[in-house]
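Trainee: prediction below, plus the sequence it came from.
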Amino acid sequence: MHNHYHAVLYVDKEQALSLTSRQVIERWSRLYHLPSMVKRAYARESLSKAERHWVSQEVKKWRERLFAVDWFMKEVNQFIARKANREDEVTGHFWDGRYDSQSLVGEKGLLCSMVYDDLNPVRAGIADTPEESEYTSLIARINRAMKPQSLPCMHPFLDQVSDQDQEAIPFSFTDYLELVDWTGRQIRADKGGYIDAALPPILERLNLSQADWLAAVKNIKRPRAVMVGTKQEVKLASIKKGRKRASGYFLPD
C-alpha cells in the first residue's frame with residue numbers, strides 16, 4: 001500500500017533460545033557491526049572475567065532481540081523511513097506513530113490475517129485481481145512457485161516442503177490461492193463474475209461457512225481486538241499471557 005503495510009510474522013522463540021552464543025553472534029553480525037571485544041571472544045582469544053561477563057550480557061541482549069517483534073518492527077520501519085526520506089530529499093518523521101499488532105491464535109486466525117493482507121490492494125481498488133497486485137506476499141509466493149530455483153522467501157505451505165516433519169503452514173498453496181480468489185470476489189461487490197457455489201476444500205476442512213469467513217476477513221482489524229482465533233484458542237492464549245480477559249475477534253469453532 002502507498003501509506004502503510006501489513007506483515008504476518010512467525011516468532012520462533014524456542015529456536016532463538018536453543019542457539020549457541022556463537023550462532024547468535026553470527027546472526028547478529030549479518031546486520032550489525034560487532035564490538036571489538038565480541039570479535040575477540042568469537043575468535044576465542046583470552047578475555048578477563050569482566051570482559052567475558054560483558055560479552056555474555058551483550059549476547060543475551062541480542063538473543064532476546066532475535067524474537068522481539070518490537071525490535072524487528074523498529075528496524076524495518078527505520079530502514080523504510082531512511083530510504084523514503086532519501087528518495088524524497090527530506091528529513092524528519094516518516095511514520096505517524098507506532099505499529100499495531102495482533103496475536104494470531106490457531107490456524108484459522110493465521111489464514112484470516114494472511115488473506116486480509118494479500119487482498120489489501122484489491123479492496124483498496126489498486127488492483128483488479130490478487131495476481132495483479134504488487135508487493136504482496138501472494139505475488140512473491142507465485143513468483144517462487146513459477147521459478148523453483150529461486151531462494152525461498154517465506155514460510156512454506158505444506159505441499160512446498162519435502163520433509164513432512166519440517167514446519168509449514170498446514171495447508172496446500174493451491175488451496176490458499178483458491179481461498180484468496182474466492183474471498184476477493186465476495187468482498188468486491190462491484191466486480192462482476194460468476195462465483196462457483198462449491199466452497200474451496202480448505203473451508204470444508206476448517207468447517208467455516210461463506211458467511212463466517214467473510215465476517216472474519218472484514219472484521220480482522222476491529223478496534224481493541226488484540227488476538228484473532230476461535231474463542232477457546234483466544235481464551236487459552238490469554239491465560240498463557242496472563243490476561244484476565246480474552247480480548248479478540250472470535251472465529252467459529
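Mentor: Right, received. Where do you want to start? Owing to the predicted nature of the structure, the values given are computational and were not obtained by experimental measurement. Numbers count the residues shown, from 1 in each chain.
Trainee: how close does residue 140 get to residue 12?
Mentor: Using C-beta to C-beta, to the nearest Å, one obtains 20 Å as the distance from residue 140 to residue 12. C-betas here are computed from N, CA, C, even on glycine.
Trainee: just residue 114 next, same as before
Mentor: Residue 114 sits 18 Å away from residue 12, going by C-beta to C-beta.
Trainee: between the two, who's got more neighbours?
Mentor: Applying other C-beta atoms under 10 Å to residue 114 and residue 12 shows that residue 114 carries more neighbours, namely 20 against 13.
Trainee: output the contacting helices and strands for the helix or strand containing residue 111.
Mentor: Using DSSP states H and E, residue 111 falls within helix 106-118. Packing partners of helix 106-118 (3 or more C-beta pairs under 8 Å, 6 or more residues apart in numbering; DSSP states H and E): strand 103-104, helix 137-146, helix 173-187, helix 201-206, helix 210-218, strand 227-230, strand 249-251.
Trainee: mind listing what's buried along the longest helix seen in the chain?
Mentor: Longest helix in the chain by number of residues (criterion: DSSP state H): helix 69-88. Going by neighbour count (16 or more other C-beta atoms under 10 Å), the buried part of helix 69-88 is residue 72.
Trainee: for stretch 92-102, same thing?
Mentor: Across stretch 92-102, burial judged by 16+ other C-beta under 10 Å covers 99, 102.
Trainee: pull the CA atoms of it into PDB?
Mentor: These are the backbone C-alpha positions of stretch 92-102, laid out as PDB (Å, rounded to 0.1, in the frame of the first residue of the first chain):
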ATOM      1  CA  GLY A  92      12.100  14.200   9.800                       C
ATOM      2  CA  HIS A  93       9.500  11.700  10.900                       C
ATOM      3  CA  PHE A  94       8.100   9.400   8.200                       C
ATOM      4  CA  TRP A  95       5.600   7.300  10.200                       C
ATOM      5  CA  ASP A  96       2.700   8.800  12.100                       C
ATOM      6  CA  GLY A  97       3.200   6.500  15.100                       C
ATOM      7  CA  ARG A  98       3.900   3.100  16.400                       C
ATOM      8  CA  TYR A  99       2.700  -0.100  14.800                       C
ATOM      9  CA  ASP A 100      -0.400  -2.000  15.800                       C
ATOM     10  CA  SER A 101      -0.200  -5.700  16.400                       C
ATOM     11  CA  GLN A 102      -2.500  -8.700  17.000                       C
END
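Trainee: off-centre distance for that stretch?
Mentor: How far stretch 92-102 lies from its chain's middle: 17 Å, per C-alpha atoms, centre = their mean, to the nearest Å.
Trainee: avg pLDDT for it?
Mentor: When pLDDT is averaged along stretch 92-102, the result is 84.
Trainee: count of residues packed around residue 118?
Mentor: 24.
Trainee: report the contact partners of it.
Mentor: Contacts for residue 118 (C-beta atoms under 8 Å, 6 or more residues apart in numbering) come out as 130, 133, 136-138, 180.
Trainee: which one of those is nearest residue 169?
Mentor: The nearest member of these to residue 169, counting by C-beta to C-beta, is residue 137 at 11.2 Å.
Trainee: pLDDT at the closest one, what is it?
Mentor: Note on residue 137: pLDDT of 90.
Trainee: for it, grab the count of nearby residues.
Mentor: When neighbours are counted by other C-beta under 10 Å, residue 137 registers 17.
Trainee: and what of residue 124?
Mentor: 11.
Trainee: I'd like the distance between it and residue 104.
Mentor: Applying C-beta to C-beta, the value for residue 124 to residue 104 is 22 Å.
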